[in-house]
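Undergrad: Structure for the following, please:
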Amino acid sequence: MKIVTNEKYIRRNKKIGQYTTIASLAILVIGFIISLDTSNPGLFGWSLLALVIGFALSQVGIYFGNRWGRSPRPDEVLAAGLKGLEDKYTLYNYMTVVPHLLVGPAGIWILATFTQRGAITYNPDRKRWSQKGGNFIMKLFGQEGLGRPDQEVYNLYQDMQKYISKEVSIPNLPSPQVAMVFLSDKSTVQAQDSPVPAMHIEKLKDFIRKQAKENIYRADVKDPDSVDPVRRFQQFLPEESVV
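TA: Below you'll find the predicted structure:
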């Protein structure tokens with residue numbers, strides 16, 4: 001499997017996380033110091049404002065730090081989980097309008113990654129996702145709650161569809177598909193009835209191989225020089241990483 005990654009994008013976001021975290025700590029300290037001055041009641045509003053801004057920046061710093069400042073990053077976990085796929089596959093990380101795109105004999109797959117821990121389940125009757133367990137502190141600060149993964153998946157799909165409609169002109173190109181991939185080694189996934197395939201990273205490679213066997217968009221075996229639409233799309237995308 002070939003991996004094409006926007007390393008420049010990753011470095012930029014890592015720096016954003018670092019600088020934002022430092023700025024948030026500085027503002028929180030300033031707000032705390034101001035709050036200690038009880039001789040001037042007029043400073044209370046400034047202290048409160050500093051604390052609010054500092055907290056908001058800390059959330060941004062945590063978000064960027066978790067995704068791009070720590071190793072293994074989502075792209076690294078995906079690469080490890082898909083290691084062993086044949087060379088006809090290419091994993092694109094931060095190179096298109098979606099963070100992770102896998103293109104190859106199985107078709108065009110948007111890999112929606114989630115780092116939440118705990119037991120992840122889908123209730124087909126209520127059409128809802130739920131999460132049990134995980135890091136309570138991170139949930140409290142809104143960094144590890146599951147939220148609405150179905151909405152996130154829909155947005156990724158729409159973004160890729162718009163991109164293909166606007167930028168790509170390849171006859172018979174199949175629509176992209178989405179797979180929800182949970183990356184944490186402290187998570188379990190029970191979502192057999194999910195409308196979108198959902199699985200732990202350990203099962204992703206076998207899932208992709210199974211899809212390839214069922215895929216009908218292949219080159220015509222009677223014409224070895226023909227190129228199937230997915231292969232043409234792969235040739236349209238960047239071939240080298242951005243460093």
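
Undergrad: Around residue 158, count how many other residues there are.
TA: By other Cβ atoms under 10 Å, 11 other residues sit near residue 158. Quick note: C-beta positions are derived from backbone N, CA and C, even for glycine.

Undergrad: Can you say which helix or strand has it in it?
TA: Under the criterion of DSSP states H and E, residue 158 resides in helix 149-167.

Undergrad: What residues of that helix count as buried?
TA: Buried residues in helix 149-167, defined by neighbour count with 16 or more other Cβ atoms under 10 Å: 149-150, 153, 156-157, 160, 164.

Undergrad: quick check, residue 120 in a strand?
TA: Yes. The assignment for residue 120 is a strand, going by DSSP: H, G, I helix; E, B strand; the rest coil.

Undergrad: what's the single longest strand in this protein?
TA: Longest strand of the chain, by residue count under DSSP state E: strand 107-114.

Undergrad: which residues does the most centrally placed residue in the chain contact?
TA: The residue lying closest to the centre of the chain (Cα atoms, centre = their mean) is residue 113, at 4.0 Å. The neighbours of residue 113, taking Cβ atoms under 8 Å, 6 or more residues apart in numbering as the test, are 74, 77-78, 99-100, 181-183.

Undergrad: show me what contacts the residue nearest to it when sequence neighbours are not counted?
TA: Leaving out its chain neighbours, the residue that sits closest to residue 113 by Cβ to Cβ, 6 or more residues apart in numbering is residue 74, at 4.4 Å. Taking Cβ under 8 Å, 6+ apart, we find residue 74 in contact with 67, 99-100, 113, 115, 183.

Undergrad: Residue 214 versus residue 74, what's the distance?
TA: 27 Å (Cβ to Cβ, to the nearest Å).

Undergrad: so the residue of the chain most remote from its centre, which of the three states?
TA: The centre of the chain is farthest from one residue, residue 39, which by Cα atoms, centre = their mean lies 49.1 Å away. Three-state assignment for residue 39 (three-state DSSP): coil.

Undergrad: mind listing the strands for the protein?
TA: Here the chain has its strands, by DSSP E, at 2-5, 90-93, 100-104, 107-114, 118-123, 128-132, 177-182, 187-190, 198-200.

Undergrad: could I get those as TSV with distance to residue 54?
TA: Listed next are the strands of the chain as TSV, based on distance: least, Cβ to Cβ, whole Å:
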stretch	distance to residue 54
strand 2-5	33
strand 90-93	32
strand 100-104	32
strand 107-114	28
strand 118-123	29
strand 128-132	28
strand 177-182	32
strand 187-190	31
strand 198-200	36
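
Undergrad: So for residue 59, which of those strands sits nearest?
TA: The closest of the strands of the chain to residue 59 is strand 107-114. By Cβ to Cβ, the value is 18.2 Å.

Undergrad: per the record, what domains does this protein have?
TA: Split into domains by automatic domain parsing, the chain comes to 2-69, 74-236.
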